[in-house]
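Engineer: Quick check, what structure comes out for this input:
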Amino acid sequence: MKKLATLLIVSVLGGVFTLGSYKLFLEEEQISSSLPLPSTEERSDFIPANYTERNYGTNADFTEAAENTVHAVVHVKNVAVFKGTRNPFEFYYGGRSNSEGKAVQGAGSGVIITPDGYIVTNNHVIEGASELEVTLNNNKTYTAEVVGTDKASDIALLKVDAEGLNYIPFGNSNNVRLGEWVLAVGNPFNLKSTVTAGIVSAKARDLNTADIIPQSFIQTDAAINPGNSGGALVNINGELIGINTAITSKTGSYVGYAFAVPSNNARKIVEDIMEFGHVQQGILGIRGGSLTPQVVKELNLEATQGVYVADVSPGSGAENAGIRENDIIRKIDNIQINKFSDLTGYINSKHPNDEVSVTLLRDGREREVKVILTKYEAYTIKSIGLEVANASKEELRSYNTEYGVKINQILRNDLPAEELAGNIITEINNEKVRNIQDVERVIEGKRSSDPIVVTFIDENGEKQRVVWR
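Structural biologist: Alright, predicted model coming up:
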């Protein structure tokens, strides 16, 4: 019996010893050989990585935003009325009355912005219309009147006689972020409202369209086709952050790039049209452009982003605030300014006499100045490609003349911009011009076949005369 107990104790101790040896030597060796974990000190080529699980909130719900906006986007039909006979048969034998000669000239979308029937759309949707028909998502049709347009921004304001309509509230387009989810809502081809989804691909996008007032678009990859022009770009809260305006495509159909006028700019245009009947543009009073590698190298600048000030207009808000040539504008009202379209996009949402805070870089040091925006007044002589503006007393004095308007911009590539810009026009077609209203009167009063004779004083104080036919 004693031998049996002794044998049992020896067996148990042997098993414990064997299991302990396995755990201590064999298992540890297997683990260390299958999961090598070199330290960063041992490996100079170590690449840091983070595998922590995160919830990025990609499961955005668009249903509420879509339901709240589709009934506020309308179909806009541009109807042209023929004033004369449409074919030789009608000319010789008569036909239907002229009032019956109608045809659809164009169509697009529009956004109801007030319950009493104000609608925003694109200018190119309604341009040249004799009549405008607006169809709501519930198939009700109204005749619309044009309240006003702004061709430079491609925005038009319409009005229908209705009450209690669904509308989309304006959001703050300055708060739009890259990668943010957006919906493009349109009413193309009178198929009732349609919704597409995408993200904000870029902000302050300049399409280089040579417009008088540079544009600053929101770019999105939400599908927008021609019939969606004038429709709404909304965030997931159902707020209007843009008016869909353009696409970039060789085929004329959507290929991934679509652009919208920011809501802050559209809202300012609408407010101006409702209050003044036209758009009142505020300006800083500078000339310049985005910093480029060439400019940075030539001027030996430390900054690589911002707007370079090449010239300051006499009497402007910029001059009064102390902004100088060679300054670099970095921020306006804490909005980062990386390129010229950032600046124009923000300033175009402001009114004359608004005050803005400008952060600029001068001699390597940042400083902040307050600028009161001045009113942009200019007239474009389209047929010859010149934009003229009222000249200040200082500018007239420097050219030794008592009257005239200055050449503000050259809008044609075949004209010598450096030689003409800034010169003072004193006469057009032998009539004195003292302001842009005189220029408009002379140009609008001439026959289309008449030449345009421009007399101007150049920078050397000499009178020049150019005839455009």
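Engineer: Who are the contact partners of the residue nearest to Gly179 when sequence neighbours are not counted?
Structural biologist: Spatial nearest neighbour of Gly179, chain neighbours left out: Ile199 (5.3 Å); criterion: C-beta to C-beta, 6 or more residues apart in numbering. No exception for glycine: its C-beta is placed from N, CA and C like everyone else's. Contact partners of Ile199, counting by C-beta atoms under 8 Å, 6 or more residues apart in numbering, are Leu178, Gly179, Glu180, Trp181, Val182, Thr220, Asp221, Ala222.
Engineer: element containing Ile199?
Structural biologist: Ile199 is part of strand 194-205, with elements assigned from DSSP states H and E.
Engineer: for Gly179, same thing?
Structural biologist: Take DSSP H and E as the rule and Gly179 turns out to sit in neither a helix nor a strand.
Engineer: Give me the below-cutoff pLDDT ranges for the stretch 51-200 of the chain.
Structural biologist: Low-confidence segments of the stretch 51-200 of the chain (pLDDT under 70): 51-59, 81-105, 190-191.
Engineer: How far does stretch 356-367 stretch from one end to the other?
Structural biologist: One end of stretch 356-367 sits 14 Å from the other (C-alpha to C-alpha, to the nearest Å).
Engineer: Show me what counts as buried in it.
Structural biologist: If you call a residue buried by 16 or more other C-beta atoms under 10 Å, then stretch 356-367 has these buried ones: Val356, Val358, Thr359, Leu360, Leu361.
Engineer: tell me the two of those residues that are most distant?
Structural biologist: Using C-beta to C-beta, the buried residues of stretch 356-367 span at most 16.8 Å, a distance reached by Val356 and Leu361.
Engineer: Who does the closest residue to Glu131 other than its chain neighbours form a beta bridge with?
Structural biologist: With C-beta to C-beta, 6+ apart as the criterion, Glu131 has its nearest non-adjacent residue at 4.2 Å, and that residue is Val79. Beta-bridge partners of Val79, counted by DSSP bridges, are Val104, Glu131.
Engineer: Make 12 the starting number, not 1.
Structural biologist: Sure, I'll start numbering at 12, so the last one becomes Val90.
Engineer: pretty sure Val90 is in contact with Ile137, am I right?
Structural biologist: No. Using C-beta atoms under 8 Å as the test, Val90 is too far from Ile137 to be in contact (10.2 Å).
Engineer: joint contacts of those two?
Structural biologist: Residues within reach of Val90 and of Ile137 at once, by C-beta under 8 Å, 6+ apart, are Leu143.
Engineer: which of these two has more neighbours?
Structural biologist: Between Val90 and Ile137, counted using other C-beta atoms under 10 Å, the more crowded position is Ile137 (24 against 16).
Engineer: May I ask you to confirm that that one is in contact with Leu168?
Structural biologist: No. In this structure, Ile137 sits apart from Leu168 without contact. The criterion is C-beta under 8 Å, and the distance is 9.9 Å.
Engineer: Can you list the helices and strands that the helix or strand containing Lys342 packs against?
Structural biologist: When elements are assigned from DSSP H and E, Lys342 belongs to strand 339-343. Based on contacts counted as 3 or more C-beta pairs under 8 Å, 6 or more residues apart in numbering; DSSP states H and E, the elements that strand 339-343 packs against are strand 318-323, helix 351-358, strand 366-373.
Engineer: Name the residues of stretch 402-410 that are buried.
Structural biologist: Of the residues in stretch 402-410, those with enough neighbours to count as buried (16+ other C-beta under 10 Å) are Ala402, Glu406, Leu407, Tyr410.
Engineer: ok, which stretches of the protein are helices?
Structural biologist: 13-32, 39-45, 74-80, 99-104, 134-137, 274-287, 304-310, 328-332, 351-358, 404-409, 428-431, 447-456 (DSSP state H).
Engineer: Can you show me the strands along the stretch 62-211 of the chain?
Structural biologist: Applying DSSP state E, counting those that start in this stretch to the stretch 62-211 of the chain gives strands spanning 84-92, 113-123, 129-132, 142-146, 152-154, 156-161, 166-170, 192-197, 205-216.
Engineer: Among those, single out whichever gets nearest to Lys474.
Structural biologist: Nearest to Lys474, of all those, is strand 156-161, at 36.1 Å by C-beta to C-beta.
Engineer: Buried residues, that closest one. List them.
Structural biologist: For strand 156-161, the buried set under the neighbour-count rule, 16+ other C-beta under 10 Å, comprises Val157, Gly159, Thr160, Asp161.
Engineer: List the neighbouring strands of that strand plus their orientation.
Structural biologist: Sheet pairing for strand 156-161, assigned by DSSP bridges, gives strand 166-170 (antiparallel).
Engineer: roughly how far is the strand it pairs with from the heart of the chain?
Structural biologist: If you compare the mean C-alpha spot of strand 166-170 with that of the full chain, they lie 18 Å apart, counting by C-alpha atoms, centre = their mean, to the nearest Å.
Engineer: Outside of that strand itself, list whatever touches it.
Structural biologist: Outside strand 166-170, the residues within contact range by C-beta under 8 Å, 6+ apart are 87, 121, 128-134, 136-137, 143, 145, 155-161, 241, 254, 272, 277, 280-281, 284-285.
Engineer: any residues in contact with both of Ile137 and Leu168?
Structural biologist: Counting by C-beta under 8 Å, 6+ apart, the common neighbours of Ile137 and Leu168 are Val157, Thr160.
Engineer: No further questions, thank you.
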